[in-house]
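1. sequence and predicted model, in that order:
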Amino acid sequence: GIQVEQSPPDLILQEGANSTLRCNFSDSVNNLQWFHQNPWGQLINLFYIPSGTKQNGRLSATTVATERYSLLYISSSQTTDSGVYFCAVLTDSWGKFQFGAGTQVVVTP
Amino acid sequence: NAGVTQTPKFQVLKTGQSMTLQCAQDMNHEYMSWYRQDPGMGLRLIHYSVGAGITDQGEVPNGYNVSRSTTEDFPLRLLSAAPSQTSVYFCASSAFALSRQGVGNEQFFGPGTRLTVL
């Protein structure tokens, strides 16, 4: 099956810093989503982005499907950005998502 | 819309007990699925359904049963709970079953059920 690798596995940021999270996948995908799992365990949809670039406030994402990677940018980080960020890819099949292992982000005041 | 709802939020079982985790969505979505999340790991697919009456296995189906008699509901049954099934369980849905580019495959997750098997 498709392999989804996220990097870095852990990230510690000071409030106000910028960061980039990466998601590599081993095969062509029909779709890709980024999620934020907050410290209470809730999974929050960030972006649904098969290709191109999207922005939502301080977050933006870029997927280059032909090169099999996606990037999530966090700018001016805040403590509320702490949590785990997952990417999940949808391959050419029934809508089964394959998740990466996640990037644990800690934003310190 | 309530979105995807799950009950219960928390559950403690003894080894060998059975129980059903409930999942419902009010978005008329074709596709529903169950994932489990173990500490420090991503989500792994247990079972999925592409429509009422149609289910199939995911990556880790052993020990779990599902059925889908209506579009709205997709319960997950643990037949004989084992400590290895201690996990957080998430239900998800999306509009369309077949993968495709563009809108329709965005998955929406419920709040999760934290299950402990002693």
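-> Cool, the structure landed. Numbers count the residues shown, from 1 in each chain, chains lettered A, B, ... in the order given.
2. for burial, what's the neighbour tally of residue A:24?
-> Neighbour count for residue A:24, taken as other CB atoms under 10 Å in any protein chain shown: 15. Every residue, glycine included, has its C-beta placed from N, CA and C.
3. can you count the residues close to whatever residue of chain B ends up closest to chain A?
-> Distances between chain B and chain A by CB to the nearest CB are smallest at residue B:42, namely 3.6 Å. Other residues within reach of residue B:42 by the criterion other CB under 10 Å amount to 21.
4. chain neighbours aside, what residue packs nearest to it?
-> residue A:99 (3.6 Å; CB to CB, 6 or more residues apart in numbering or on different chains).
5. and the pLDDT for that neighbour?
-> The per-residue pLDDT reported for residue A:99 equals 92.
6. what about the strands in chain A?
-> A:4-7, A:10-14, A:19-25, A:31-37, A:43-48, A:52-56, A:59-64, A:69-74, A:83-90, A:97-99, A:103-108 (DSSP state E).
7. is it possible to get a markdown table of the ones you listed that adds distance to residue B:60?
-> A markdown table is the format used below for the strands of chain A (distance: least, CB to CB, whole Å):
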| stretch | distance to residue B:60 |
| --- | --- |
| strand A:4-7 | 16 |
| strand A:10-14 | 25 |
| strand A:19-25 | 20 |
| strand A:31-37 | 19 |
| strand A:43-48 | 18 |
| strand A:52-56 | 31 |
| strand A:59-64 | 27 |
| strand A:69-74 | 25 |
| strand A:83-90 | 16 |
| strand A:97-99 | 12 |
| strand A:103-108 | 22 |
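8. just those strands: most buried one?
-> Ranked by mean neighbour count, the strands of chain A are led by strand A:83-90 with a mean of 25 (mean count of other CB atoms under 10 Å in any protein chain shown).
9. contacting residues for the nearest residue to residue A:101 once chain neighbours are set aside?
-> Nearest non-adjacent residue to residue A:101, counting by CB to CB, 6+ apart: residue B:42, 4.9 Å away. With contacts defined as CB atoms under 8 Å, 6 or more residues apart in numbering or on different chains, residue B:42 is in contact with A:4, A:86, A:99-102.
10. at 6 Å what do you get?
-> Going by CB atoms under 6 Å, 6 or more residues apart in numbering or on different chains, residue B:42 touches A:86, A:99-102.
11. so where does the residue most central in space within chain B fall, helix or strand?
-> Taking CA atoms, centre = their mean, the centroid of chain B lies closest to residue B:34, which sits 2.3 Å from it. Taking DSSP states H and E as the definition, residue B:34 sits inside strand B:31-37.
12. next one: residue B:55
-> Going by DSSP H and E, residue B:55 is in strand B:54-57.
13. for the residue in chain A that chain B sits nearest to, name its beta-bridge partners.
-> Distances between chain A and chain B by CB to the nearest CB are smallest at residue A:99, namely 3.6 Å. Legend: beta-bridge partners of residue A:99 under DSSP bridges are residue A:88.
14. would you mind measuring from it to residue A:1?
-> 12 Å (CB to CB, to the nearest Å).
15. try residue A:89
-> Distance, residue A:89 to residue A:1, using CB to CB: 10 Å.
16. swap in residue B:47?
-> Residue B:47 is 16 Å from residue A:1, where distance means CB to CB.
17. how about low-confidence regions in the chain?
-> All of this is about chain A. In the predicted model, chain A carries pLDDT under 70 at residues A:92-93, A:95.
18. switch to chain B, that's the one I care about
-> Checking chain B against pLDDT under 70 turns up B:99-104.
19. quick one on the thing from earlier: pull the contacting residues for the residue nearest to the centre of chain B.
-> B:46-47, B:76, B:91.
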